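**Student:** pasting the structure only:
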């Protein structure tokens, strides 16, 4: 019984010595399990599309190199003073290393068709364990109804 | 139960066929064409195509979100050219590649929210107007105008850079800053500003022509 | 069998909230609502009516008419024009910079029964003479430019019906048959006998001027050497820089006090359409316009002198000198000073015609009132009768004549 108590006490002490990981802390196991792809547009009547994709109004990390390094914390969409749409994605660098990423946005109209040319790749830097924002404006105003952000690593 | 081997064979064949239809995730055919919006195989510390594409796209989208420019009761007349866009950087660059892309992108996206004045075609228009008024050519189909369009706003800007080099390693570093400003041509008020900046470092600078 | 669906439902219920929270799906785009249009900025909207800039180079007919009247009252003096040629102060065209005189003297004497003394001397003089190539070593001007300039300068004088004589012509006329006479003497003779006023127009290169050159005009009385009027382009109002701030790429530039730049500008500074937009043409006015403006200013300078009336007759003890008047005052010349007018009402020149001058050179017949100086025009040369001057006395031989070319 004494041995058991000593072992337990020693383990507790060891637990107290472990260094605390700085925030932000990304639980990638949960992130990957929560990804829910949606079927693409139907090409054949009464049959689902073979394409599985990210839903509209979301951000898609298309690069396997950073899919477990970055986490998109939130995406907001709002109208500007001219009626165009501004999307802002808050991107978290979950690693202890600086990262370079770039993203672009495709805006869609109410019929889920692209309403304008896709934006240019916009580069942003993410120092270790920081949050940076990716921001993009649409060109059109009343034609814009949805958006899709693509993100990848860049050099 | 005698049909079991046959069923298993059909199932195995189907699975094997299904495996053949997966994505062929290999590189495409090699080409000399590259995406101008991404870094190419030749990379230096100067302003490159992806920078021009990126900065002009960013600026035009930003301009279209400014109510004074893109939601005025009367669409303003805008002049976008390189006449007042100065390159004071150490990058060898044709300024027109920036201002032309900006003007074209804006004009295509504006859809009447702004009107664009082709000031760099002033001599062309003046010559045709002169020919019409001399009677050398007819009036064509559009009604005559009193004069060429004046500008409400005009693009100005500047490209600057800061270079540094490590003499031991030959490493080259350059910070480039490009600013864009729209100026009220009646009061010189700057009604919109945009900035695009980046820094690059490379072992040795490449030659830009 | 009842456990399996139960466990599946339980697992789904556990996963559902996690999926709802963790999915990086953003908010939907707010529906479009047309934003209120932006009104134009509040400004006075008034464009001040700027008065059209007066053109300092426009034709000035009124001045020409005034000059014509003063010119008539001043006795219609003949004007000889010197284009970019300055009257030199060198009297002779030839000059000598070395002269070597070698003298020798021999004496022989024989003594004895017969005494013979013989003496002799010899002298050899060698002198090198050079000829000044031009009267005024001024920068040559482009011929077409000179034509345009002379055209613009002479036009107002011809419009005022002034008597304009050509320098070359009077020189050739006066010097015909008198080739032996020093050309500069002939020149002065021609000026004194066939002209009354010398109008000397000089052009000097000047990088400070917008035109690239500066001008000076001087009017001389050929009989007395008196300067009647003088106009320098630097002093002309039309050549002064406008003291206005100039918009540049680094702001507004006020004229610098140390800036010595000056020069005429076109009043009509229109923008010209070019491939890079509209550009202002800042070219100076054309030479004929500038020359015309200079001529107007010369006329303005001459009018007060001409208004003083024709010169008096040679001073006589009984005739008082003409009263001193203000330059602009129009004073009728004293009757005693005016020669008897002809039958016609046309103004009678107070200066003699060449023929009259050749016959009887009248002293001091200046175009303007003169002080009491004893100035005589040179008589016209005796055509083709120039005799060799007698050798001067003395040991040295006379100066050789210039080599004929």
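**Tutor:** Received, thanks. As the structure is a prediction and not an experimental result, all values here were calculated from the model.

**Student:** residue in chain C nearest to chain A?
**Tutor:** Relative to chain A, the nearest point of chain C is residue C:26 (2.6 Å; C-beta to the nearest C-beta). For every residue, glycine as well, the C-beta is placed using N, CA and C.

**Student:** gap between that residue and residue A:36?
**Tutor:** Note on residue C:26: its distance to residue A:36, by C-beta to C-beta, to the nearest Å, is 14 Å.

**Student:** same check, this time on residue A:52
**Tutor:** Distance of residue A:52 to residue A:36, given as C-beta to C-beta: 10 Å.

**Student:** could you do residue B:78 as well?
**Tutor:** Applying C-beta to C-beta to residue B:78 and residue A:36 gives a distance of 45 Å.

**Student:** neighbour count winner among the two?
**Tutor:** Between residue B:78 and residue A:36, residue B:78 has the larger neighbour count (other C-beta atoms under 10 Å in any protein chain shown), namely 22 against 14.

**Student:** quick one: mean pLDDT for stretch B:78-86?
**Tutor:** The average pLDDT within stretch B:78-86 is 95.

**Student:** does it reach chain C?
**Tutor:** Yes - interface with chain C: stretch B:78-86 contributes B:81, B:83-84, B:86 (C-beta under 8 Å from any C-beta of the partner chain).

**Student:** OK, contacts around the residue of chain A found nearest chain C?
**Tutor:** Residue nearest to chain C within chain A: residue A:75 (2.6 Å; C-beta to the nearest C-beta). Contacts for residue A:75 (C-beta atoms under 8 Å, 6 or more residues apart in numbering or on different chains) come out as A:57-59, A:87-90, A:149, C:24-27.

**Student:** drop anything exposed from these.
**Tutor:** Buried residues within these, counting neighbours by 16 or more other C-beta atoms under 10 Å in any protein chain shown: A:57-59, A:87, A:89-90, A:149, C:24-26.

**Student:** which of those residues sit farthest apart?
**Tutor:** A:57 and A:90 (14.9 Å; C-beta to C-beta).

**Student:** list the contacts for the residue positioned nearest the centre of chain A?
**Tutor:** Nearest to the geometric centre of chain A sits residue A:72, at 3.0 Å (C-alpha atoms, centre = their mean). Residues counted as contacts of residue A:72 (C-beta under 8 Å, 6+ apart) are A:59, A:61, A:89-92, A:149, A:151, C:24.

**Student:** show me which residues of chain C are close to chain B?
**Tutor:** Taking C-beta under 8 Å from any C-beta as the contact definition, chain C meets chain B at C:35, C:37-41, C:43, C:249, C:273-278.

**Student:** just the buried ones from the residues you listed?
**Tutor:** Buried subset of these (neighbour count, 16+ other C-beta under 10 Å): C:35, C:38, C:273, C:277.

**Student:** quick check: the third one vs residue B:78, distance?
**Tutor:** So that's residue C:273. Applying C-beta to C-beta to residue C:273 and residue B:78 gives a distance of 19 Å.

**Student:** check residue B:55 too.
**Tutor:** For residue B:55 relative to residue B:78 (C-beta to C-beta), the value is 18 Å.

**Student:** got it, and residue B:183?
**Tutor:** The gap separating residue B:183 from residue B:78 is 11 Å, by C-beta to C-beta.

**Student:** again with residue B:175
**Tutor:** Distance, residue B:175 to residue B:78, by C-beta to C-beta: 30 Å.

**Student:** next one: residue B:34
**Tutor:** If you measure residue B:34 against residue B:78 using C-beta to C-beta, the figure is 32 Å.

**Student:** coming back round to it: for the residues of chain C next to chain B, work out which two are farthest apart.
**Tutor:** Spatial extent of the residues of chain C next to chain B (C-beta to C-beta) is set by the pair C:35 and C:274 at 39.4 Å.

**Student:** any idea how far whichever residue of chain C sits closest to chain B is from residue B:185?
**Tutor:** Using C-beta to the nearest C-beta, the single residue of chain C nearest to chain B is residue C:273, 3.7 Å away. To residue B:185, residue C:273 is 17 Å away according to C-beta to C-beta.

**Student:** do a quick rundown of the strands in chain B.
**Tutor:** For chain B, the strands defined by DSSP state E cover B:77-79, B:85-87, B:115-116, B:153-165, B:172-184, B:190-202.

**Student:** packing partners of the first one?
**Tutor:** Pointing back at strand B:77-79 there. For strand B:77-79, the elements it packs on are strand B:115-116, strand B:153-165, judged by 3 or more C-beta pairs under 8 Å, 6 or more residues apart in numbering or on different chains; DSSP states H and E.

**Student:** pipe the ones you listed into JSON lines and attach mean neighbour count per row.
**Tutor:** Below are those laid out as JSON lines (neighbours: other C-beta atoms under 10 Å in any protein chain shown):
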{"stretch": "strand B:115-116", "mean neighbour count": "17"}
{"stretch": "strand B:153-165", "mean neighbour count": "18"}
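
**Student:** returning to that earlier point: quick one: pLDDT of the residue of chain C closest to chain A?
**Tutor:** Looking at residue C:26, its pLDDT reads 85.

**Student:** ok, it touching residue A:76?
**Tutor:** Yes - counting by C-beta atoms under 8 Å, residue A:76 is a contact partner of residue C:26 at 6.3 Å.

**Student:** mutual contacts of these two, please.
**Tutor:** Listed as contacting both residue C:26 and residue A:76 by C-beta under 8 Å, 6+ apart are residue A:87.

**Student:** if we can go back for a sec, which one of the helices and strands packed on strand B:77-79 lies nearest to chain C?
**Tutor:** strand B:153-165 (9.7 Å).

**Student:** the closest one - contacts with which helices or strands?
**Tutor:** Counting contacts by 3+ C-beta pairs under 8 Å, 6+ apart, strand B:153-165 packs against strand B:77-79, strand B:85-87, strand B:172-184.

**Student:** contact partners of that strand?
**Tutor:** Residues outside strand B:153-165 that contact it (C-beta under 8 Å, 6+ apart): B:47, B:69, B:76-81, B:84-91, B:93, B:95, B:99, B:102, B:171-185, B:191.

**Student:** selecting buried members of those in ChimeraX, what would you type?
**Tutor:** A single ChimeraX command is used to select the members of the contacts of strand B:153-165 judged buried by 16+ other C-beta under 10 Å:
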select /B:47,69,76,77,78,79,80,81,84,85,87,89,90,91,93,99,102,172,174,175,176,177,178,179,180,181,182,183,184,185,191
